[in-house]
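Student: 3D model of this:
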Amino acid sequence: AVELQAPQPLPAQGGDVEVIADDPETPWDVIVHEGTVVWTTYGDHLSGGCVKMKRAGEDRVITLAEQQKQPSSLAVDAQRVYWASHGVKRPTYFKDGSVSCVPWSGGGRPDIIAKDQPLASSIAVDDAWIYWMTATTYDEPHVPGALWKRRKEGGEIIQLASWDWIEGGTIALDATHVYWMSPIHALLFRVRK
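Tutor: Take a look at the predicted model:
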């Protein structure tokens, strides 16, 4: 058997390339906050995903959450790390996605913001709210995909928009609107927060 080596980037105008972490667990998303790097891994593509971080100037990698069902998109604020998890294919074909968060200090179990979120993806936060997307379910009965929000301190989950396409997307925020894209349909939308 031939062991494949990861391709090594070559330095260019930016100077020397630095290896931050060597993580074999299928990294998916990355975000940086005040020098701390946070990333998600799919792990075994079932329930073995993780949320990990490495603080600037430290050598060790800290696992903030493990046993996650394919964590994908990340968002952060000064207090917490947030992520959306796709869920797993069996037995419910990704209907068991979720949105979770954990304090920067880690430790303990993650707080579940929303569970049973089909193919939860693309998450963003502002000062008061958490926003995320879900996809239309594949199997019957179909549940439409949607753009959701919930206050950071808890409360009702509110639907801002819905659609009937079986895909995730990407969201972004400004002061007044939530923007989202449908990569397969090549459409860009916005709705007032």
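
Student: please name the nearest non-neighbouring residue to residue 60.
Tutor: residue 54 (7.4 Å; CB to CB, 6 or more residues apart in numbering). No exception for glycine: its C-beta is placed from N, CA and C like everyone else's.

Student: ok, that neighbour touching residue 22?
Tutor: No - applying CB atoms under 8 Å as the test, residue 54 and residue 22 come out as separate, 11.0 Å apart.

Student: more neighbours, these two?
Tutor: residue 54 (18 against 7; other CB atoms under 10 Å).

Student: run a quick neighbour tally on the nearest residue to residue 143 once chain neighbours are set aside.
Tutor: Nearest non-adjacent residue to residue 143, counting by CB to CB, 6+ apart: residue 137, 4.5 Å away. Number of residues near residue 137 (other CB under 10 Å) recorded here: 18.

Student: for residue 137, give me the pLDDT.
Tutor: Looking at residue 137, its pLDDT reads 75.

Student: how about residue 119, what does it touch?
Tutor: Contact analysis of residue 119 by CB atoms under 8 Å, 6 or more residues apart in numbering lists 86-87, 94, 97, 134-135, 145, 168.

Student: distance of it relative to residue 135?
Tutor: Distance check for residue 119 against residue 135: by CB to CB, to the nearest Å, it reads 4 Å.

Student: what of residue 187?
Tutor: For residue 187 relative to residue 135 (CB to CB), the value is 15 Å.

Student: of these two, who's got more company?
Tutor: Higher neighbour count among residue 187 and residue 135: residue 135, with 23 against 12, using other CB under 10 Å.

Student: could you report the neighbour count for residue 162?
Tutor: Counted with other CB under 10 Å, residues neighbouring residue 162 total 13.

Student: pretty sure it sits against residue 144.
Tutor: Yes - in this structure, residue 162 is within contact of residue 144 by CB under 8 Å, at 4.4 Å.

Student: for stretch 35-49, buried residues please.
Tutor: Of the residues in stretch 35-49, 36-43, 48-49 count as buried by neighbour count, 16 or more other CB atoms under 10 Å.

Student: contact partners for the most centrally placed residue in the chain?
Tutor: The chain has residue 73 as the residue nearest its centroid, 1.8 Å off, counting by CA atoms, centre = their mean. Neighbouring residues of residue 73 by CB under 8 Å, 6+ apart: 29, 40, 83-84, 121-123, 132.

Student: from the residues you listed, which has minimum pLDDT?
Tutor: Among these, residue 121 carries the weakest pLDDT, at 86.

Student: distance of that one relative to residue 170?
Tutor: Distance of residue 121 to residue 170, computed by CB to CB: 8 Å.

Student: neighbour count: the two, which is higher?
Tutor: More neighbours surround residue 121 than the other of residue 121 and residue 170, with 25 against 15 (other CB under 10 Å).

Student: low pLDDT regions in this structure?
Tutor: 1-11, 24, 45-46, 91, 93, 166-168 (pLDDT under 70).

Student: what about residue 159, which helix or strand?
Tutor: Of the helices and strands defined by DSSP states H and E, residue 159 is found in strand 158-163.
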